[in-house]
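**Q** next comes the sequence, and after it the predicted model I'd like to discuss.
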Amino acid sequence: MSTQATAHLDRAKIAELTEREQRRLDESTPGSSAMFQRARRALAGGVASAYQERQPWPIYLERGVGSRVWDVDGNERIDFHNAFGSMPQGHAHPAITKAVRERLELGTHFAAPTEDAVAVAEELARRFGITRWRFVNSGSEATMDAIRIARAQTGRDTIVKIFGSYHGHHDYVMVSIGVPYDEIGDREHYESLPYGAGIPQSVADLTVPVPFNDADAMERRIESLIEEGRPPACVIMEPAMMNLGVVLPEPGYLEAVRDITQRHGIVLIFDEVKTGLCIAAGGAVERFGVVPDMVTMAKSLGGGLPTGAIGGTEEVMEVVEDGRVYQVGTYNGNPLGMAAARASLTEVLTPEAYAHLDRLNDRILAGCTGVIEKYGLPGYAIGVGSKGCVTFSPQKIVDYETFKETQDAELADLAWLFNMNRGIFMTPGREEEWTLSVTHTEESVDRYVAVFEEMASDLTS
Ligand SMILES: Cc1ncc(COP(=O)(O)O)c(C=O)c1O
């Protein structure tokens, strides 16, 4: 964290810059505006997923190659969004393109297993040290099935999650995510709040949120659930939170969670949909050295094709292997996705690639920290592997409460506009982080830092 005295930020100036940058983006994206007018007549809200919505219109993309993407107006940007972290391989990587093209010629889907699925499972087992795998098509499917497996294995219904963490769009986990600070509830007894309409409160009540980075609070809640006769089947958590910018686990936290869950016979699920292949070859398991009972993955696994995975110990996956749990799906292990994943794992996300990503991330984090210190901005740069962000907050964010309490949302919005207007395609949303790809270079990350410096200078001049 920056220890410099922070500059006093003039809110009127932030508003003025935001208006200026918004106008500039509108003026440079008339094609997206026209596409939105057309799209909204057939596509609900003009987009395929609510996370693609944006006011006054979304930026529609046309193509991407390597670290670059182009929108329908021909604006070229360096991609730091990378499909919410699905593309650390970069776009249209030749090795993945070749593998998928070859597979296309051989038939795209059989709903029968292929050798590529075996090879991908073997490689994931090697990387994560977790022995049994199944494939799905998205992160949501991975977390949904993992929870069902944990419930079957333990014979319990309740699940514990971290307040503020996103684990996909099914009912079990669309609970206690983005809610206003004053609705969180008592830290010892957070509310189980459905995230959006259509989720029965009775389902939400089975999901009990606890704060991140507080193992004692987790254990107290687990003990109270046991006393209430509702012992948890699982704790599902991101080992490093990637949906509040980046919030790293404090030293000893994951080890303590591992110990607590083991002592109470609770299945520990690391949701590695975002951390997965992005922060190390063996994800958070390798990076932080704590081995859960299950991991869930998606995003970066498929090299841009919709693919996900569930890994588990032999003990946990027994309920799948003996047929008690129907872990099923017509498109599970789809040959195109498996061909892409295999090429990605064996030819793209190599040890050298991870060294490259670490080097670039160190460089961008150091660059952003330098700007924060030079201009006295209230914030800090934080990251791991290919992931990182500048968190605009005068104090360190360790969980959802501190995020809601101290994040400067106006600065986060302004930074996004600054980036988009200066050739940086950045993840939208105040909770998101950058994902670097193997095709990024020192020039790419220096460009990011230069744009950040321009914003800092405009803000403080
Ligand atoms: C940690 C985490 N888990 C699960 C999901 C759900 O993945 P998907 O959108 O592929 O269903 C996401 C998506 O952002 C995620 O960040």
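**A** Sure thing, it's come through.
**Q** skip the chain neighbours and tell me the closest residue to the residue nearest the centre of the chain.
**A** Ranked by distance to the mean C-alpha position of the chain (C-alpha atoms, centre = their mean), the top residue is Lys274 at 3.6 Å. The shortest distance from Lys274 to any non-neighbouring residue, by C-beta to C-beta, 6 or more residues apart in numbering, is to Met242 (3.9 Å). C-beta: built from backbone N, CA, C; applies to glycine.
**Q** ditto for Pro306
**A** Counting by C-beta to C-beta, 6+ apart, the nearest residue to Pro306 once its immediate chain neighbours are dropped is Asn137, at 4.8 Å.
**Q** what's the neighbour count on the one you found?
**A** Asn137 has 20 neighbouring residues, counting by other C-beta atoms under 10 Å.
**Q** tell me who's in contact with it.
**A** By C-beta atoms under 8 Å, 6 or more residues apart in numbering, Asn137 lies in contact with 306-308, 329, 331-332, 334, 337.
**Q** between those residues, which is nearest the ligand?
**A** Closest approach to the ligand among the contacts of Asn137 (C-beta to the nearest ligand atom): Gly308, at 6.4 Å.
**Q** that closest one and Ala142: what is the separation?
**A** Spatial separation of Gly308 from Ala142 under the definition C-beta to C-beta, to the nearest Å is 4 Å.
**Q** what of Phe163?
**A** To Ala142, Phe163 is 21 Å away according to C-beta to C-beta.
**Q** go on, Gly376?
**A** The gap separating Gly376 from Ala142 is 43 Å, by C-beta to C-beta.
**Q** over to Glu255?
**A** Counting by C-beta to C-beta, the gap between Glu255 and Ala142 amounts to 24 Å.
**Q** more crowded one of the two?
**A** Neighbour tally, Glu255 and Ala142, criterion other C-beta under 10 Å: the higher count belongs to Ala142, 31 against 14.
**Q** tell me the phi and psi of that one?
**A** Geometry field for Ala142 lists phi and psi as phi -60, psi -50, criterion degrees, to the nearest 10.
**Q** quick check: the residue of the stretch 201-350 of the chain nearest the ligand.
**A** As assessed by C-beta to the nearest ligand atom, the ligand sits closest to Val273 within the stretch 201-350 of the chain, at 3.5 Å.
**Q** neighbours of that residue, how many?
**A** Val273 sits with 30 neighbouring residues when counted by other C-beta under 10 Å.
**Q** how about it, nearest residue that isn't a chain neighbour?
**A** Here the residue nearest Val273, using C-beta to C-beta, 6+ apart, is Gly139, at 3.7 Å.
**Q** quick check: that neighbour touching Gly168?
**A** Yes - with the criterion set as C-beta atoms under 8 Å, Gly139 and Gly168 qualify as a contacting pair; they are 5.1 Å apart.
**Q** what residues are shared contacts of the two?
**A** A shared contact of Gly139 and Gly168, defined by C-beta under 8 Å, 6+ apart, is any residue touching both; here these are Val273.
**Q** so between those two, which is more surrounded?
**A** In this comparison of Gly139 against Gly168, neighbours counted by other C-beta under 10 Å, the higher total goes to Gly139 at 27 against 19.
**Q** show me what contacts that one?
**A** The contact partners of Gly139, by C-beta under 8 Å, 6+ apart, come to 167-168, 271, 273, 296-299, 308.
**Q** how close does it sit to Asp271?
**A** Note on Gly139: its distance to Asp271, by C-beta to C-beta, is 8 Å.
**Q** quickly list what's touching both of the two.
**A** Common neighbours of Gly139 and Asp271 are listed as 167, 296 (criterion: C-beta under 8 Å, 6+ apart).
**Q** residue of the protein nearest the ligand, please.
**A** Ranked by C-beta to the nearest ligand atom, the top residue of the chain for proximity to the ligand is Gly139, at 2.2 Å.
**Q** give me the phi and psi angles of that residue.
**A** Taking degrees, to the nearest 10 as the convention, Gly139 sits at phi -70, psi -40.
**Q** what's the pLDDT at it?
**A** In the prediction, the pLDDT value recorded for Gly139 is 98.
**Q** give me the number of residues near the nearest residue to Lys387 once chain neighbours are set aside?
**A** For Lys387, ignoring the flanking residues on the chain, the nearest one in space by C-beta to C-beta, 6+ apart is Glu433 at 5.2 Å. A total of 29 residues lie near Glu433 under the criterion other C-beta under 10 Å.
**Q** next one: phi and psi at Glu433?
**A** Dihedral angles phi and psi of Glu433 (degrees, to the nearest 10) take the values phi -130, psi 170.
**Q** pull up the gap between it and Leu268, please.
**A** Per C-beta to C-beta, Glu433 is found 24 Å from Leu268.
**Q** do Ile222 as well
**A** Using C-beta to C-beta, we find Ile222 at a distance of 12 Å from Leu268.
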